[in-house]
Each structure stands twice: as C-alpha cells, then as structure tokens.
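Chemist: My questions are about this predicted structure, shown below with the sequence.
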Amino acid sequence: MQDIDKWEEFKSINLIYFEEESDRVATKKDEVRAKLGQPTSELSSGGDLWKSDNYTILIAYDENSVVMNKLITFTSSKQVESLSGISKGMSAQDVVKKLGKPRGLDVTGMFTRFVWADEDDKDYYVYFKGNKVYDIKEPN
C-alpha cells in the first residue's frame, strides 16, 4: 500500500487503546491535521474526512479531540473469492502479499480489520491484534 501518498502518515496516527499497548499516547486532532493536512471536510460527528483519487480517510475523535479510530478505503483493490490460505498468526504483510490490496481497513483500540470483497460485493474480513491474524470472517 506504499502507492498511497499518505500511507506512512496514516500508519503513524495512534489511537486510544483499550487492551495491550495501552502505554501508547493517542494522537490529538491538531497532530493528525499536521500529518495529513487540512481535511476535505469536517464531519458533524466530530471526525475528519480526507478524499483523494486513490483513497478516503476517516478519523474519529473523542470529546477531548483524541483519535478513537481510523479508517481508510481504497479506490482500487483486489477482489477475492475466499480467504483460504489465511490462518491465525499470519502477519498483515503476509496476508496482503497473498490476497492483494484490501478494499479498506479500520483500526480501533481493540483490533485492526482488513476487508476485501468478491465480485458480488460480499465482504471478507481478516482481524488482527497487533500484527497477527486472530480471526477470519467470510460471507455466509
């Protein structure tokens, strides 16, 4: 996902953590804007939205303007037919090498979720804690 011009900045934004890594300091709104630039729009919910030809980024803040979660969706992504070959314990890098660029990913204080879609627009999810797969969800 190195072809996304704000990828490194997006990755460097820290959230409020509810589990392990609770010693990290969450990024504040002014720091996010210093990293990503002025948002395309400010949401009534208190979040910020950045849009480009390649991606959309959404950052949600709490009442203290601290990042609660972050989401990025990509304009171009790889379609999948299954998550076969993906197993618990795999790294995020290995999953992306195997499946290609996801439709998007969202990061909360409890997990990171990557999503791919098939040609019928059904979603396939891979959940990570840290950098390791801990759950996999395919459409029913």
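Modeler: Here it is on my side, so go on.
Chemist: quick one: the helices in the chain?
Modeler: Assigned by DSSP state H, the helices in the chain fall at 7-11, 29-36, 92-99.
Chemist: Using TSV, lay out those together with mean pLDDT.
Modeler: Shown next, in TSV, are the helices of the chain (pLDDT from 0 to 100):
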stretch	mean pLDDT
helix 7-11	86
helix 29-36	95
helix 92-99	94
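Chemist: TSV for the ones you listed, including mean neighbour count?
Modeler: The way it works is simple: take the backbone N, C-alpha and C, and place the C-beta from them, glycine included. TSV is the format used below for the helices of the chain (neighbours: other CB atoms under 10 Å):
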stretch	mean neighbour count
helix 7-11	15
helix 29-36	16
helix 92-99	16
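Chemist: Not counting sequence-adjacent ones, nearest residue to residue 75?
Modeler: residue 54 (5.3 Å; CB to CB, 6 or more residues apart in numbering).
Chemist: pLDDT wise, what is the one you found at?
Modeler: On pLDDT, residue 54 comes in at 89.
Chemist: Do I have it right that it meets residue 74?
Modeler: Yes. At 6.7 Å, residue 54 and residue 74 qualify as touching, with contact defined as CB atoms under 8 Å.
Chemist: picking that back up, format the helices of the chain as TSV; extra columns: distance to residue 61.
Modeler: TSV is the format used below for the helices of the chain (distance: least, CB to CB, whole Å):
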stretch	distance to residue 61
helix 7-11	15
helix 29-36	5
helix 92-99	25
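Chemist: just to revisit the earlier point, more crowded one of residue 54 and residue 74?
Modeler: Remark: of residue 54 and residue 74, residue 74 carries more neighbours, 17 against 14, as counted by other CB atoms under 10 Å.
Chemist: ok, now which ones touch that one?
Modeler: By CB atoms under 8 Å, 6 or more residues apart in numbering, the contact list for residue 74 reads 1, 4, 54, 55, 101, 102, 103, 104.
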